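Asks: got a structure for you, letters missing:
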């Protein structure tokens, strides 16, 4: 049986996602049950951090960790690991204060990049953020930028040290699937996650992973399936190159 790690999931009740939708407690419990049915053994609970809704970092992290600890007491549910998706604008204003938002005990930070052209100035900004923060940056839901970034842009971001994650929508939407598989096959992106997709839509994580399994060589499928595990074990970014 396949067991998956969801490296970025929108789970925390009471906290708005990037599009403003909010899970209540009942919906969060239902979503966790679907994760279990989908053979997701570990899920990174990474709510979208917005100070105007989430309060101070301390308030936000306390709320997140209290809920995660309660879920993890139930051995039947997927194991949850804490993280947060950080808007790039916030990261640039607080470069030295981001360590509390990383995935678990790793040094990987989930960053929401604005949908904009990949210019030299933009890359310099990302490089400075990496150096000053000392963290490894993962651009979340990069498939949102399919109509903005060229293949050269994806390569440029990788060459500038960014790790890239796509949502399952990048595989479920027929018009996007071919590009998603190409990017995965050529290691221009590494992680597939439920991410910031519509939280009210059916969870089709297993179906998305099967597209990878059927379409790419077995070695690449295993690498994609296990990369999140490497990340959670705090593997060096070089393993993704």
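Replies: Alright, I've got the coordinates. Predicted model only: the values in this text are computed from it and were never measured. Numbers count the residues shown, from 1 in each chain.

Asks: how about the strands in the chain?
Replies: 4-9, 40-45, 79-82, 85-87, 108-112, 136-139, 163-167, 191-193 (DSSP state E).

Asks: Just send the ones you listed back as a markdown table, with distance to residue 152, mean pLDDT and mean neighbour count too.
Replies: Every C-beta, even on glycine, is put in place using the N, C-alpha and C of the backbone. Below are the strands of the chain laid out as a markdown table (distance: least, Cβ to Cβ, whole Å; pLDDT from 0 to 100; neighbours: other Cβ atoms under 10 Å):
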| stretch | distance to residue 152 | mean pLDDT | mean neighbour count |
| --- | --- | --- | --- |
| strand 4-9 | 25 | 92 | 26 |
| strand 40-45 | 30 | 93 | 23 |
| strand 79-82 | 34 | 95 | 20 |
| strand 85-87 | 25 | 96 | 21 |
| strand 108-112 | 21 | 97 | 23 |
| strand 136-139 | 16 | 96 | 24 |
| strand 163-167 | 14 | 95 | 24 |
| strand 191-193 | 21 | 93 | 27 |
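
Asks: and of those strands, who's closest to residue 102?
Replies: strand 108-112 (5.3 Å; Cβ to Cβ).

Asks: residues touching the nearest residue to residue 127 once chain neighbours are set aside, list them.
Replies: Spatial nearest neighbour of residue 127, excluding adjacent residues (Cβ to Cβ, 6 or more residues apart in numbering): residue 160 at 5.7 Å. The neighbours of residue 160, taking Cβ atoms under 8 Å, 6 or more residues apart in numbering as the test, are 123, 126, 127.

Asks: now residue 16
Replies: 22, 48, 50, 53.

Asks: List just the nearest of those to residue 231.
Replies: Of the contacts of residue 16, the one sitting nearest to residue 231 (Cβ to Cβ) turns out to be residue 48, at 19.2 Å.

Asks: Please report the number of neighbouring residues for the closest one.
Replies: Residue 48 has 22 neighbouring residues, counting by other Cβ atoms under 10 Å.

Asks: which one of the strands of the chain lies closest to residue 173?
Replies: The closest of the strands of the chain to residue 173 is strand 163-167. By Cβ to Cβ, the value is 9.7 Å.
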